[in-house]
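>>> missing the sequence, but the structure's below:
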Ligand SMILES: C[S@@+](CC[C@H](N)C(=O)[O-])C[C@H]1O[C@@H](n2cnc3c(N)ncnc32)[C@H](O)[C@@H]1O
């Protein structure tokens, strides 16, 4: 179609006007012309300086030449030494061979340079010449000293003039200034190590060494030196420890005048003893005595109560425990989360930097976190904060939402939502689509959820204030559920130091019960058939296994769920073994985060996948019992004083009972007595009962594993078994029993009421 253009014949165009070569510039005035052709009229002083400069230049050249020649000569001498002595070429006076040419150069050097001493060759008279370099150096130094004494200040001047000696001085200065770097190439200093290198090195290493670059060789040398130094330091430490007095238990009188410094020293000492117990122990003292002492000291020094400290000692090995305790004394870095519903992290960072905030991205694992190093303005009052561009949130808080991995358009429940940090993160990932149900049982705290959601622009949420344990009766069929459970907060002691001294076994037990109930409820609310989800994420800011692995292990037994990876590529695996207990092996898929390892609050995350909506049949009967049990456990955590008060009120005021409680009979004194007794027994029972054995273990739980305790518990167990075989209950108690036991109460109420009405009639 059409004509074809023929480009090949096109003639080449010549250079354009601008590309043509131009001639040299012509200067209209003489003053602009280059100075080359102009006769320089130098002043007398300038001429003198020029002459001096030229003279120096030539001198320097000559000296350099001389130095090079000398170097060459030295090299050849070294080569010559390694060669066989029988090689005869030109023999010098001292019997060593050398080329004629070289001889001449030596002579030339010697003639030209009177300062350089004529090198003595090896004879039997001067065999010290071959002594190790160190000795040689010392000898040289001696000779130098003597010569220095003789020549005094004259030599100093000549040394400065002499390029060789000048360079030597420069070298020495360099050695002084940069000890470490120069050590690398300072062969004399390396002698010892080189020797050991040679001894240790395989013969094959020779080839490898040849292949290495000088810097690599130096690096290798340095590493070996370091290893050697560490070894020596260890040996020295061992020696010192050996010489030092081994720690002895203090007398009572000494105990009273202890300062905090003494306590710290004792902690260190006891740690040392425990690190090699057989070596450093006092023969009459057992390990448990040392452990007890250490626990008490740690409690004093770090202000923990004994209960929590013994829990921590169960979780961490000693060296790690010290790191954990130290890290927990320091506040974690302040972190914020970008609200991607309103801005991007880059823009937020730029805006905050403009306001004088010093920040950085939190880590590679998050795209929304920023860590704040320092800020000239309060971060809770910046225009960006008020506009909802970010929320102040701990780094660990991001982990549970990331594990949940919410999807757009899903139906998600945040069961314990207040104050809404994680909930708003979920909404942001969902991009305000689908439906987010944010629930919390605490009326006051729920206000914070409302406020935060408003500020952050969350619009896909329904906020409710219900007990999470009953949520399955309100709504089910969620694609995903986050259960950030209420806990003792043992992972956030740096934020709330009161945790260290206030948390007790009762608190742990209360949390454990609630957590189990909430988790079962969360599982029941999840739809196993969800096309996108069917996941439950359980998290706490506690590091106690009772609130974490124990709870998950319980859920694995009670519902059709399995553990799946959380998706986090860091964090420590959850426990599958803890003291004498064994958990489901898949608990290694859960993740623990520690302040001393991850520089964030102590945290636990587990992700469960629900694979069936049915509740296991074998567990159906147990379920009711179980929940009844959990309810009972919950009640006994109320203090006995409160109960006594309650009982008294029951008796005196006899309040009108409504709802479930209506129709409950009034209690006689005997009944009260019995109830009290039951409460008492329950009080001791909970410890054993609640932390039920996760697997086939016979030891009682949550009781100090001492011999005394074991014996006592064995006894009580035997008694229990006996009493089960032959129940010894008084007749009154038999009568009253139905009153105090669950379902039969109704029947007994009827009987009682009938009796009452009879009495009234009479
Ligand atoms: C660890 S906080 C949750 C923090 C929240 N997920 C966040 O990131 O902002 C635990 C919450 O559980 C709530 N809670 C306690 N018992 C509850 C229950 N039975 N049902 C629902 N929420 C409960 C507490 O009020 C508390 O706000």
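Now that the structure is in, tell me what you want to look at. Worth saying up front: this structure is predicted, and the values here are computed from it rather than measured.
>>> alpha carbons only for contacts and neighbour counts from here, please
Noted.
>>> give the contact list for residue 307.
Each residue near residue 307 by CA atoms under 8 Å, 6 or more residues apart in numbering is listed here: 504, 505.
>>> what about it, distance to the ligand?
Remark: distance between residue 307 and the ligand (CA to the nearest ligand atom, to the nearest Å) = 22 Å.
>>> which parts of the stretch 251-400 of the chain are helices?
Secondary structure of the stretch 251-400 of the chain (DSSP state H, counting those that start in this stretch): helices at 252-256, 260-275, 277-280, 287-302, 306-315, 318-329, 345-354, 383-386, 395-404.
>>> around the ligand, which positions in the stretch 451-600 of the chain sit nearby?
Counting by CA under 6 Å from any ligand atom, the stretch 451-600 of the chain comes close to the ligand at 467, 468, 469, 484, 485, 486.
>>> and the fourth one, what does it touch?
By that I understand residue 484. Contacts of residue 484 (CA under 8 Å, 6+ apart): 400, 414, 415, 416, 417, 537, 538, 539, 540.
>>> OK, contacts around the fourth one?
Residue 416 makes contact with 438, 439, 440, 441, 468, 482, 483, 484, 485, 486 under the criterion CA under 8 Å, 6+ apart.
>>> worst-scoring helix or strand of the chain, pLDDT-wise?
Within the chain, no helix or strand scores below helix 179-185, which has a mean of 32 by mean pLDDT, DSSP states H and E.
>>> any chance of the contacts of residue 416 in TSV, plus pLDDT and secondary structure?
Output for the contacts of residue 416, formatted as TSV (pLDDT from 0 to 100; DSSP: H, G, I helix; E, B strand; the rest coil):
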residue	pLDDT	secondary structure
438	98	strand
439	98	strand
440	98	coil
441	97	coil
468	97	helix
482	98	strand
483	98	strand
484	98	strand
485	98	coil
486	97	coil
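>>> what is the nearest of those to residue 555?
Proximity of those to residue 555, judged by CA to CA, is greatest for residue 483, which lies at 13.1 Å.
>>> and that closest one, what is it in contact with?
With contact set as CA under 8 Å, 6+ apart, residue 483 has these partners: 414, 415, 416, 518, 519, 522, 536, 537, 538, 539.
>>> of all those residues, which comes closest to the ligand?
residue 416 (4.1 Å; CA to the nearest ligand atom).
>>> so who does the closest residue in space to the closest one that isn't next to it in sequence touch?
Ranked by CA to CA, 6 or more residues apart in numbering and with sequence neighbours excluded, the top spatial neighbour of residue 416 is residue 440, at 4.7 Å. Residue 440 makes contact with 415, 416, 417, 418, 446, 464, 465, 466, 467, 468 under the criterion CA under 8 Å, 6+ apart.
>>> quick check: the gap between residue 440 and the ligand.
4 Å.
>>> begin at 40, not 1, for the rest of this chat.
All right, first residue 40 from here; so that's residue 479.
>>> would you list the phi and psi of that residue?
When quoted as degrees, to the nearest 10, the phi and psi of residue 479 stand at phi -160, psi 140.
>>> SS state for residue 644?
Under DSSP: H, G, I helix; E, B strand; the rest coil, the three-state class of residue 644 is strand.
>>> and what of residue 487?
Using three-state DSSP, the structure places residue 487 in helix.
>>> ok so, going back, the contacts of residue 522 in helices, which ones?
Judged by DSSP state H, the contacts of residue 522 include 557, 558, 561 as members of helices.
>>> just for the protein, where's the confidence low?
Along the chain, segments meeting pLDDT under 70 span 40-61, 63-80, 115-249, 278-285, 290-295, 657-711, 717-791, 795, 799-801.
>>> what parts of it come near the ligand?
Residues of the chain lying near the ligand (CA under 6 Å from any ligand atom): 454-461, 479-481, 506-508, 523-525.
>>> could you rerun that using 5 Å?
Residues of the chain found near the ligand (CA under 5 Å from any ligand atom) are 455-461, 479-481, 506-507, 523, 525.
>>> now, of the residues you listed, which are buried?
Buried subset of the residues of the chain next to the ligand (neighbour count, 16 or more other CA atoms under 10 Å): 455, 456, 457, 458, 459, 460, 461, 479, 480, 507, 523, 525.
>>> distance of the nearest residue to residue 376 once chain neighbours are set aside from residue 384?
Take residue 376 and drop its neighbours on the chain: the residue closest to it by CA to CA, 6+ apart is residue 408, 4.6 Å away. Distance, residue 408 to residue 384, by CA to CA, to the nearest Å: 8 Å.
>>> kindly report the same for residue 485.
Separation of residue 485 from residue 384 (CA to CA): 28 Å.
>>> over to residue 655?
Noted for residue 655: a distance of 46 Å to residue 384, by CA to CA.
>>> out of those two, which sits in the more crowded spot?
Counted by other CA atoms under 10 Å, residue 655 and residue 384 do not tie: residue 384 has more neighbours, with 20 against 14.
>>> next one: the more buried one from the ligand, what distance?
20 Å.
>>> was I right about that residue contacting residue 377?
Yes. Here residue 384 reaches residue 377: they are 5.7 Å apart, a contact under CA atoms under 8 Å.
>>> which neighbours do these two share?
Counting by CA under 8 Å, 6+ apart, the common neighbours of residue 384 and residue 377 are 407, 408.
>>> burial of the residue lying closest to residue 615 once chain neighbours are set aside, as a residue count?
Residue nearest to residue 615 in three dimensions, not counting chain neighbours: residue 622, with 4.7 Å by CA to CA, 6+ apart. Other residues near residue 622 come to 20 when the count uses other CA under 10 Å.
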